[in-house]
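J.: Sequence first, then the predicted structure:
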Amino acid sequence: MAYTVFRCDNMPGTDQRTMVTSVLVRDGDGKNIAVENGTIVEIGALVPGEHDLYYATLATATSDLKKCAVLGTPEVIHDECTYKNLDDFTNEAGTKASAYKLGREGTFAVTAEGFVGGTVPAAVDVSVSLGANGKITAPAATSATVLGKVLAIDKTARYTFYAIKM
């Protein structure tokens, strides 16, 4: 199964450490879940006994962007000695994940798997918003839910990235 590939092009967290946090992603019942990079989560309470580790849940269309972050953990696969691609990586359940805080200007990019149902915008300047299960939806449902606009569609040898400017 191919997972979302994430690129933190010009996110504030690339040079401002306060804009990156560590999270444990859980479902609505409080159970730790596996989640792929490029997924948008809503940051919750501080984990008891920790000073920089927060619980997070998958963002929804009604989530407050100021409390949201996009996952961008370095792609290190700990249980494999063989060659893997970036789209083979997922944040395992119960492990800490790196999350770039949203709500300020910045640019990040995801592959088609980061969109609800893999439905991607066909052109640039399309507004996108939060969809179900931490995925992005295009076009944006309403102007009140806009996450940003598609700045570019970058085709590389292996992946097609959809760059989103907040």
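T.: Alright, I've got the coordinates.
J.: which residue ranges form the strands in the chain?
T.: Using DSSP state E, the strands of the chain run over 6-7, 20-25, 40-46, 53-58, 68-71, 97-101, 107-110, 127-130, 136-137, 146-155, 160-165.
J.: As JSON lines, those strands with distance to Gly13, mean neighbour count and mean pLDDT would be great.
T.: Any C-beta I mention is one placed from the backbone N, CA and C, and that applies to glycine too. As requested, these are arranged in JSON lines below (distance: least, Cβ to Cβ, whole Å; neighbours: other Cβ atoms under 10 Å; pLDDT from 0 to 100):
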{"stretch": "strand 6-7", "distance to Gly13": "12", "mean neighbour count": "24", "mean pLDDT": "88"}
{"stretch": "strand 20-25", "distance to Gly13": "4", "mean neighbour count": "20", "mean pLDDT": "94"}
{"stretch": "strand 40-46", "distance to Gly13": "13", "mean neighbour count": "19", "mean pLDDT": "95"}
{"stretch": "strand 53-58", "distance to Gly13": "14", "mean neighbour count": "20", "mean pLDDT": "96"}
{"stretch": "strand 68-71", "distance to Gly13": "9", "mean neighbour count": "25", "mean pLDDT": "92"}
{"stretch": "strand 97-101", "distance to Gly13": "4", "mean neighbour count": "22", "mean pLDDT": "91"}
{"stretch": "strand 107-110", "distance to Gly13": "10", "mean neighbour count": "23", "mean pLDDT": "92"}
{"stretch": "strand 127-130", "distance to Gly13": "19", "mean neighbour count": "22", "mean pLDDT": "85"}
{"stretch": "strand 136-137", "distance to Gly13": "18", "mean neighbour count": "23", "mean pLDDT": "88"}
{"stretch": "strand 146-155", "distance to Gly13": "16", "mean neighbour count": "17", "mean pLDDT": "90"}
{"stretch": "strand 160-165", "distance to Gly13": "15", "mean neighbour count": "20", "mean pLDDT": "92"}
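J.: Ok, which of those comes nearest Phe89?
T.: Of all those, the one in closest proximity to Phe89, counting by Cβ to Cβ, is strand 6-7 (9.4 Å).
J.: in its sheet, what does that closest one sit against?
T.: Sheet pairing here is set by DSSP bridges, and for strand 6-7 it gives strand 107-110 (antiparallel).
J.: contacting residues around Ser98?
T.: Neighbour list for Ser98: 20-22, 71-74 [criterion: Cβ atoms under 8 Å, 6 or more residues apart in numbering].
J.: Excluding chain neighbours, what is closest to it?
T.: Closest residue in space to Ser98, ignoring its immediate chain neighbours: Thr73 at 4.6 Å, by Cβ to Cβ, 6 or more residues apart in numbering.
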